[in-house]
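# Next comes the sequence, and after it the predicted model I'd like to discuss.
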There are 2 protein chains.
Amino acid sequence: MEILKKAILEKGIVVDEHTLKVDSFLNHQIDTALISSMARELVRRFSGYPANRILTIESSGIPLAFMMGYFLRIPVVFAKKTKPSTLSGQTYSAESYSFTRKKHYSMIVSQEFLPPGEDVLIADDFLAGGGAVTALMDLIRQAGSRVTGVAIAVEKGFQGGGDMLRHSGIPLESLAVISSLNNGIIQFRD
Amino acid sequence: MEILKKAILEKGIVVDEHTLKVDSFLNHQIDTALISSMARELVRRFSGYPANRILTIESSGIPLAFMMGYFLRIPVVFAKKTKPSTLSGQTYSAESYSFTRKKHYSMIVSQEFLPPGEDVLIADDFLAGGGAVTALMDLIRQAGSRVTGVAIAVEKGFQGGGDMLRHSGIPLESLAVISSLNNGIIQFRD
């Protein structure tokens, strides 16, 4: 998606060869018009697929997931990384590892909000090694529902998660796929 | 706001006299149409006020804040509760206490995304004792900007934060003000 690639080139900061900082428009300060356009494009790309709800993980996946749910008129559920005192009842949980935060964490979702027999679209801001998406897929399967596909803003293609999903046959749409951050230069996959 | 009060009455769960669970539509599973209507109403109520950006705190304030920013065509910034490895550079921070999670936490925001000389509207899903809002106001003042006002979905009026803000002259709009959760009954302030 050209406007996203343009924003990444103009505003993204290469921290090191593994890390791209896009917090000026995607995950700390939010460019609401850009996120809206991105959500519209992802909804278009998944227009042939069934989706009863969207599942994401707090926090930075929420704006994109929310806007997709708004356009599709379906609910959005966000898995939580810590269990608040008001989250009682039965939950599903899955483990993931964050390369950004360099730690393992649990994803928790109330069973009530991930019912069986549905088609669930996963959305997130970043896809790197695929750990977060794999854990979200695990939650959906625990619930007895189906994974419609995975909608991603920025895929770090050189970290393998995206290709792993493609090879396993999961429909994946990434609006920008970065092939390399070497030498401080952002390169996109064609 | 009647549709929000209706949702609270129909779907809210009184956990105890201090705690209302609204995670079926507001902060775990998100009713995207309802949040959109709520954001539109809050934007209408603040239509006479200047606002360069919206500030909220992750995670559950994000959908409402995002949608307000989308309607107003201004950026949204969410303060973070933990510092990710990509958040380098200068930050502002403030301390708050969460009654829900029963712990103190820091709010962190990059100085870059809270510039001086602006009018900043605060948005959040809940207002109880006022600790989170007070900390967000602290961040805005550290930045040398002005607090336009505070936009809230659900105010627990009996916990005092809202009245404290009103008495200090801060424009506050809460879409639903709960006066009591005693005996498992949800009562609204007129």
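Noted; the coordinates are in hand. Just so we're clear, the structure is a prediction, and the values are computed from it rather than from any experiment. Numbers count the residues shown, from 1 in each chain, chains lettered A, B, ... in the order given.
# C-alpha only now, for contacts and for neighbours.
Will do.
# In which helix or strand does residue A:54 reside?
strand A:53-57 (DSSP states H and E).
# next structured bit after that strand?
Heading C-terminal from strand A:53-57 (DSSP H and E), you reach helix A:62-72.
# what sits against residue A:178?
By C-alpha atoms under 8 Å, 6 or more residues apart in numbering or on different chains, the contact set of residue A:178 is A:154, A:155, A:156, A:157, A:158, A:186, A:187, A:188, A:189.
# Which residue, other than its chain neighbours, is closest to it?
residue A:188 (4.3 Å; C-alpha to C-alpha, 6 or more residues apart in numbering or on different chains).
# One more: residue A:110?
Here the residue nearest residue A:110, using C-alpha to C-alpha, 6+ apart, is residue A:91, at 4.3 Å.
# which residues touch the residue nearest the centre of chain A?
With distances taken as C-alpha atoms, centre = their mean, residue A:124 lies nearest the centre of chain A, 1.4 Å away. If a contact means C-alpha under 8 Å, 6+ apart, then residue A:124 has A:56, A:57, A:60, A:61, A:62, A:64, A:65, A:151, A:152, A:153 as its contacts.
# ok, so of those residues, who is nearest residue A:116?
The closest of these to residue A:116 turns out to be residue A:56 (C-alpha to C-alpha; 17.1 Å).
# That closest one contacts residue A:65, correct?
Yes: between residue A:56 and residue A:65 there is a contact at 6.5 Å, judged by C-alpha atoms under 8 Å.
# Same drill for those two, tell me which one is more crowded.
residue A:65 (30 against 27; other C-alpha atoms under 10 Å in any protein chain shown).
# pLDDT score for the more buried one?
Looking at residue A:65, its pLDDT is 98.
# now do the one 10 residues further on
Each residue has a pLDDT score; the one for residue A:75 is 98.
# for residue A:87, same thing?
Looking at residue A:87, the pLDDT reads 67.
# Can you verify residue A:149 is assigned to a strand?
Yes: assessed by DSSP: H, G, I helix; E, B strand; the rest coil, residue A:149 belongs to a strand.
# From chain B, how far off is it?
Between residue A:149 and chain B the distance, using C-alpha to the nearest C-alpha, to the nearest Å, works out to 19 Å.
# same deal with residue A:4?
From residue A:4 to chain B the distance is 16 Å (C-alpha to the nearest C-alpha).
# Repeat that for residue A:172.
With C-alpha to the nearest C-alpha as the criterion, residue A:172 and chain B are 23 Å apart.
# Chain neighbours aside, what residue packs nearest to that residue?
Using C-alpha to C-alpha, 6+ apart, the nearest residue to residue A:172 is residue A:150, at 4.8 Å.
# dump the residue contacts of that neighbour.
Contacts of residue A:150 by C-alpha under 8 Å, 6+ apart are A:121, A:122, A:123, A:133, A:170, A:171, A:172, A:173.
# The third one is in contact with residue A:152, isn't it?
Pointing back at residue A:123 there. Yes: between residue A:123 and residue A:152 there is a contact at 5.8 Å, judged by C-alpha under 8 Å.
# Understood, closing this out.
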